[in-house]
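> I'd like to go over a predicted model; first the sequence, then the structure.
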Amino acid sequence: MPIQRQAETPLPTPHGTFRIIAYADEENNPMPHIAMVSEKTDTSQSVLVRIHSECMTGDVFGSLRCDCGEQLDEALRKTGEEGGIVIYLRQEGRGIGLINKMRAYNLQDKGLNTAEANLHLGFEIDTRDYDIAIQMLKDLGAQSIKLMTNNPEKIDSFIDSGINLIDRVPLEIKPHQENYGYLQTKQKLMGHMIDLPKNNNH
């Protein structure tokens, strides 16, 4: 069953007013995917878009192990200023879920990087899927987008999607001591387009 809009309402935030729209395959799904659509958005023009996968530890609790929470805040700031859409996909931990992500953190504390930890637990390095985001963007009327991302896989997901990706907008966050190794793994093993300082003394 395809996902559909289940509920929507205006949502004032520190970054401006958005329309928050819940998408799910059934009306009482407790974990819907979310679209945050700035009131300044004009879908007749190229739309600024961020596709953000859920990271409870970073988005909610401000974890310094990753850059997720800061990326989400910056994406909401930019779309709030310029108009745009933030898609929030419920695929925690690159798709392995919160419990397994916590197990992966313990393995990282023993010396594995984020990719090795996922593989050690029996998962792929990244199991995320962006087809649902494309469905949501089409439902929202976005035909041409500028995608805020450092991830080449997100860019590739728009090939033959029916949505015209006209530009990539970098979304780089200044690294911390605690997440430098994580960002280095994203850069070196996953091909993320991140400009890191040569060392982590910042």
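Cool, the structure landed. Residues are numbered from 1 along each chain as shown.
> what's downstream of the lengthiest helix in the chain, the next helix or strand?
Counting residues, the longest helix in the chain under DSSP state H turns out to be helix 68-82. On the C-terminal side of helix 68-82, the closest following helix or strand by DSSP states H and E is strand 85-89.
> what helices or strands is that next one leaning on?
Packing partners of strand 85-89 (3 or more CB pairs under 8 Å, 6 or more residues apart in numbering; DSSP states H and E): strand 33-38, strand 47-53, helix 68-82, helix 131-139. Where C-beta positions appear, they are placed from N, C-alpha and C, glycine not excepted.
> What are the buried residues along the helix or strand just after that strand?
Downstream of strand 85-89, the first helix or strand assigned by DSSP H and E is helix 98-109. For helix 98-109, burial by neighbour count (16 or more other CB atoms under 10 Å) applies to Asn100, Lys101, Arg103, Ala104, Tyr105, Leu107, Gln108.
> pretty sure the third one is touching Leu121, no?
By that I understand Arg103. Yes: using CB atoms under 8 Å, Arg103 is in contact with Leu121, at 6.1 Å.
> Let me have the helices and strands packed on strand 85-89 in a markdown table, extended by mean pLDDT, mean neighbour count and distance to Ile21.
Converted to a markdown table, the helices and strands packed on strand 85-89 look like this (pLDDT from 0 to 100; neighbours: other CB atoms under 10 Å; distance: least, CB to CB, whole Å):
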| stretch | mean pLDDT | mean neighbour count | distance to Ile21 |
| --- | --- | --- | --- |
| strand 33-38 | 98 | 23 | 4 |
| strand 47-53 | 96 | 24 | 14 |
| helix 68-82 | 94 | 19 | 14 |
| helix 131-139 | 95 | 18 | 8 |
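> for these, which one sits closest to Arg168?
Closest approach to Arg168 among the helices and strands packed on strand 85-89 (CB to CB): strand 47-53, 10.7 Å.
> ok, the closest one: who's next to it in the sheet?
When sheet partners are counted by DSSP bridges, strand 47-53 sits next to strand 85-89 (parallel), strand 144-148 (parallel).
> chain center to the last one, what's the gap?
It refers to strand 144-148. Its chain's C-alpha centre and that of strand 144-148 lie 13 Å apart, by CA atoms, centre = their mean, to the nearest Å.
> I appreciate the help and will end here.
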